[in-house]
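Participant: Any chance you could fold what I've pasted below:
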Amino acid sequence: MSELIPFDVFNALSDDECHARIRSAREKLGKRAALLCHHYQRADIYQYADLTGDSLRLSRMAANTDADYLVFCGVHFMAEVADIMSKPHQIAILPDLAAGCSMADMANLAKVSRCWRELNEVIDAEALVTPVTYINSAADLKAFCGEHEGIVCTSSNAPVIAKWAFARREKILFFPDQHLGRWTGYSMGIPLDEMFVWDPDLEFGGLTPEQIRKAKLLLWKGHCSVHQMFQPAHIANFRRQYPDGKVASHAECAFEVCMASDFVGSTELIIDVVKKAPPNTRWLVGTELNLVNRLAEEVKPEGKIVQFMSPTVCMCSTMQRIDPQHLAWTLENLAAGHVVNHIRVPEHEAALARASVERMLAVS
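Facilitator: Presented below is the predicted three-dimensional model:
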């Protein structure tokens, strides 16, 4: 076995040199390594994907592939899900450990645990509240939900998961994305005045006991840095120019953006509605730039025009960290018998997290 190759060797290489080494390493590895790419992944990495999709699709795929190595071209929480759901012999790898998620970082176990304690000072949280974590969260929060008979959701299945949760208990604590939680609640007919934002930096979330008792949905004060860039004014300008145009937005967008859109949902929903739309239609799409650009190219032959919603370029900057240099370093070391950036969730935590994810898969 040759020695582990340090990253500095690859960091000095051009993209073209890295692409050549990626192709060579993939040929050596064959089916032993599977590359999973999220829709938001940059194009020069996405081209190598064996499996693509949004978080729900990829979590299912991670559980079903037979590869020894699951190289996740996404962000940290996605690689954790791959580790949680994969077979014991499989190894989940994240090419750059700095590829995180700012939304996921807005909720951590210490703050969620404190929230739960404070809720129990006002109400019987164990009897009345189901914790629901968006899949865009750390493994220990998925484990928290597993421990407290909660569940995981994605933007694809949030309404189905919320229906399941409300059938069990009368309230939901939803973290870390307030916007997905609010849109989900609104879509189910829950009045806005029965949804309250829990600010983890304030005692009792900044809420009164009366508000906590009244709440059907407690929404964590978190958001996606990409989707918060989209504004209702962007949609209004588009509709003035193109009255027949259609608007599709991700459910992580602000409530006002969702209300002004024709279609709201997951990345998979956005892709589906645009691809199934009649030829020669025009679309304004509010989600990550790489996905929008890829979708625009795919439907261009049908005369469809797909525009990015914001005049400001906004992409998932942390996912952008998975670049040709990191992928080449990862794959070449794997081909030489060295595993770098192995993502391991401690087994006691993984068991609880797995329970909450498996509940999601069973319900959805």
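
Participant: Need the pLDDT of residue 1.
Facilitator: On the pLDDT scale, residue 1 is placed at 60.

Participant: To clarify, my last question referred to residue 74.
Facilitator: Reading off the model, residue 74 has pLDDT 87.

Participant: what is the residue lying closest to it once chain neighbours are set aside paired to in the beta sheet?
Facilitator: Sequence neighbours aside, residue 38 is the residue nearest to residue 74 in space, at 4.1 Å (criterion: C-beta to C-beta, 6 or more residues apart in numbering). Heads up, the C-betas are built off the backbone N, CA and C, glycines and all. Assessed by DSSP bridges, residue 38 has beta-bridge partners residue 53.

Participant: so residue 38 touches residue 49, yeah?
Facilitator: No - using C-beta atoms under 8 Å, residue 38 is not in contact with residue 49, being 9.2 Å away.

Participant: tell me, how many neighbours does residue 277 end up with?
Facilitator: 18 (other C-beta atoms under 10 Å).

Participant: what separates the closest residue in space to it that isn't next to it in sequence from residue 333, distance-wise?
Facilitator: Once flanking residues are discounted, residue 277 sits nearest to residue 304: 6.6 Å by C-beta to C-beta, 6+ apart. Taking C-beta to C-beta, to the nearest Å as the measure, residue 304 and residue 333 are separated by 42 Å.

Participant: How about residue 189?
Facilitator: 52 Å.

Participant: Also residue 306?
Facilitator: Residue 306 is 38 Å from residue 333, by C-beta to C-beta.

Participant: Also residue 265?
Facilitator: Taken as C-beta to C-beta, the span from residue 265 to residue 333 is 39 Å.

Participant: do residue 252 as well
Facilitator: Separation of residue 252 from residue 333 (C-beta to C-beta) stands at 35 Å.

Participant: More neighbours: which of those two?
Facilitator: Taking neighbours as other C-beta under 10 Å, residue 252 and residue 333 compare with residue 252 leading, 29 against 22.

Participant: so how many other residues sit close to the spatially closest residue to residue 119 that is not a sequence neighbour?
Facilitator: The shortest distance from residue 119 to any non-neighbouring residue, by C-beta to C-beta, 6+ apart, is to residue 125 (4.1 Å). A count of neighbours around residue 125, defined by other C-beta under 10 Å, yields 22.

Participant: surely residue 125 meets residue 113?
Facilitator: No - applying C-beta under 8 Å, one finds residue 125 not in contact with residue 113, separated by 11.4 Å.

Participant: Give me the pLDDT for residue 102.
Facilitator: Looking at residue 102, its pLDDT stands at 82.

Participant: Now it. Nearest residue, chain neighbours left out?
Facilitator: Spatial nearest neighbour of residue 102, excluding adjacent residues (C-beta to C-beta, 6+ apart): residue 225 at 4.9 Å.

Participant: With residue 221 instead?
Facilitator: residue 199 (4.7 Å).

Participant: Surely the one you found is in contact with residue 211?
Facilitator: No - contact criterion C-beta under 8 Å: residue 199 and residue 211 do not qualify, at 11.9 Å.

Participant: Which one of these two is surrounded by more residues?
Facilitator: residue 211 (18 against 14).

Participant: which SSE is the more buried one in?
Facilitator: Element membership of residue 211 [criterion: DSSP states H and E] is helix 209-214.

Participant: and the next element down the chain from that helix?
Facilitator: Per DSSP H and E, the first helix or strand lying C-terminal to helix 209-214 is strand 217-220.
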